[in-house]
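Trainee: What follows is a protein structure lacking sequence information:
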């Protein structure tokens, strides 16, 4: 068995080292081999992005109280189910199908490779259309997962299902079409390599609208209106969740090259990793200065904020700029999360600070730091940034894209959620919230033995 594995590994290395033309006489033609390699590379990237849902499950479950952990983790699987079916039915066509400047009008109820003519925006790559669909579907699922965090610990499960379906059909795909599907922002040359705006700002904007409409969790603010810390039940889970997300981001960003040929994905991987490291350190330092002690959750959010920020810029900027982008994202996210909380916003996992504000900064940063050499090397859209002789043109396009996305998503999310509120209500009852959503929504706890002991202890305390 070991010998077979070694031989397979050597064969793979040989295919990478030797020019594919060397095998053309006896095997597949060189173009076929390249298509196969590009498709395998993109499928691996899809797997990594898909696996990010495990990171979201651990991060969000660890960030909430024990009585809600099972509910929050289970919603991650629900996210994948909703995104998969909705993106297949309508989302892929609306996002990437041929159409106008605002949405696609072809390719609905995706049927496979035979529909390639319906997706001109994806014709730049020879990766098979089925794998392109899976890759883009995984991005849509990540954006929806961000919304889940803003609803944590108090929203009805039915509300998340209804909003998740509509988000996956009429919100996310429209923004994706604007930037990646040949829409009006694509025509202007907006730079968003892997989704600081499309994925993260979109999800975070919907999340903050839900957070505002749901209002704070019981006990989050005292009588004077000052925030009360509600710690998550398992910090180890949150650490592991962030590590998984950091790992998965190498499918998110480098995978967006859709090919290993030329090695450009290596530059994207480098800037991604440097930004994440800088963001974690920046947030840790900021928390140390603010609290007088280093805060682990702040550091974790700093890593994620930096990853969000560099997602749109990773292909356009050089390493030193990536470090600066990550550092600013980490520090600024910590400061804005504290300010928003003091202003009365109860965002359990700081979704808007981490994914929204950092997403805005990431989008704007390419208008400052995008280099003409990288734009040419990667055959990328747009022009050089302000600090590389491009003037204010690209910066203006980026700001316009951020503003347009935020307004569109905020307005549509508010309308949808407000209608749901009038129809069935958004929030569970006070009694159900106190019991926890595990038991009130699902009839069982994620930690049944521990919660039983807690309930027995509280009962004895009341009797005494």
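Mentor: It's in. Bear in mind the structure is a predicted one, so any value in this text is a computation, not a measurement.
Trainee: can you tell me the helix or strand for residue 396?
Mentor: Per DSSP states H and E: residue 396 is located in helix 393-423.
Trainee: who does that helix touch, helix- and strand-wise?
Mentor: Secondary-structure packing of helix 393-423 (3 or more CB pairs under 8 Å, 6 or more residues apart in numbering; DSSP states H and E): helix 157-166, helix 172-180, helix 184-188, helix 202-214, helix 358-369. (Each C-beta comes from the backbone N, C-alpha and C, glycine too.)
Trainee: how about residue 193, secondary structure?
Mentor: coil (DSSP: H, G, I helix; E, B strand; the rest coil).
Trainee: need the contact list for it.
Mentor: Counting by CB atoms under 8 Å, 6 or more residues apart in numbering, residue 193 makes contact with 253, 256, 268, 311-316, 380.
Trainee: and which of those is nearest to residue 189?
Mentor: Distance to residue 189 across those (CB to CB) is lowest for residue 380, with 9.5 Å.
Trainee: how near is the closest one to residue 315?
Mentor: In this view, residue 380 and residue 315 are 6 Å apart by CB to CB, to the nearest Å.
Trainee: quick one: contacts for the spatially most central residue of the chain?
Mentor: The centroid of the chain falls nearest to residue 142 when counting by CA atoms, centre = their mean (4.3 Å). Counting by CB under 8 Å, 6+ apart, residue 142 touches 49, 52-53, 56, 199, 203, 252.
Trainee: returning to that earlier point: and the helix holding residue 396 with helix 172-180, angle?
Mentor: 170 degrees (axes from the mean of the first three to the mean of the last three CA atoms, to 10 degrees).
Trainee: And residue 405, how far from residue 199?
Mentor: Look at residue 405 and residue 199: by CB to CB, they are 11 Å apart.
Trainee: The two: which is more packed in?
Mentor: residue 199 (29 against 25; other CB atoms under 10 Å).
Trainee: If I look at that one, what pLDDT would I see?
Mentor: Note for residue 199: predicted pLDDT of 98.
Trainee: gap between the longest helix belonging to the chain and the chain center?
Mentor: Criterion DSSP state H: the longest helix present in the chain is helix 30-63. Mean C-alpha position of helix 30-63 versus that of the full chain (CA atoms, centre = their mean, to the nearest Å) differs by 13 Å.
Trainee: hang on, isn't residue 245 packed against residue 307?
Mentor: Yes: if you go by CB atoms under 8 Å, residue 245 and residue 307 touch, sitting 7.3 Å apart.
Trainee: neighbour-wise, which of these two wins?
Mentor: Using other CB under 10 Å as the criterion, residue 245 and residue 307 rank with residue 307 on top: 32 against 24.
Trainee: which phi and psi does residue 343 have?
Mentor: phi -80, psi 0 (degrees, to the nearest 10).
Trainee: Give me the number of neighbouring residues for it.
Mentor: 9.
Trainee: sorry, back to before: which positions in the longest helix of the chain come out as buried?
Mentor: 33-39, 41-43, 45-46, 48-50, 52-63 (16 or more other CB atoms under 10 Å).
Trainee: Check stretch 269-279 too.
Mentor: 269, 271-279.
Trainee: Now render these as TSV, adding secondary structure.
Mentor: Below are those laid out as TSV (three-state DSSP):
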residue	secondary structure
269	helix
271	helix
272	helix
273	helix
274	helix
275	helix
276	helix
277	helix
278	helix
279	helix
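Trainee: my read: residue 392 touches residue 383, true?
Mentor: No: counting by CB under 8 Å, residue 392 does not reach residue 383; the two are 10.5 Å apart.
Trainee: what ranges of the stretch 351-464 of the chain fall below the confidence cut-off?
Mentor: Low-confidence segments of the stretch 351-464 of the chain (pLDDT under 70): 452-464.
Trainee: returning to what we had before: kindly point out which residues are neighbours of both of residue 380 and residue 315.
Mentor: In contact with both residue 380 and residue 315: 193, 374, using CB under 8 Å, 6+ apart.
Trainee: which one of the two has more residues nearby?
Mentor: Comparing residue 380 with residue 315 by other CB under 10 Å, the one with more neighbours is residue 315, at 27 against 17.
Trainee: Quick check: closest non-adjacent residue to that one.
Mentor: Of all residues not flanking residue 315 in the chain, residue 193 sits nearest, at 4.3 Å (CB to CB, 6 or more residues apart in numbering).
Trainee: What distance do you get for that neighbour to residue 86?
Mentor: 25 Å.
Trainee: Next one, pLDDT for residue 33 please.
Mentor: Predicted confidence (pLDDT) at residue 33: the value is 87.
Trainee: actually residue 19, not the one I typed
Mentor: Confidence score, pLDDT, at residue 19: 46.
Trainee: next one: residue 336
Mentor: pLDDT recorded at residue 336 is 95.
Trainee: Surely it is in contact with residue 356?
Mentor: No: look at residue 336 against residue 356 with CB under 8 Å: they stay out of range, at 9.1 Å.
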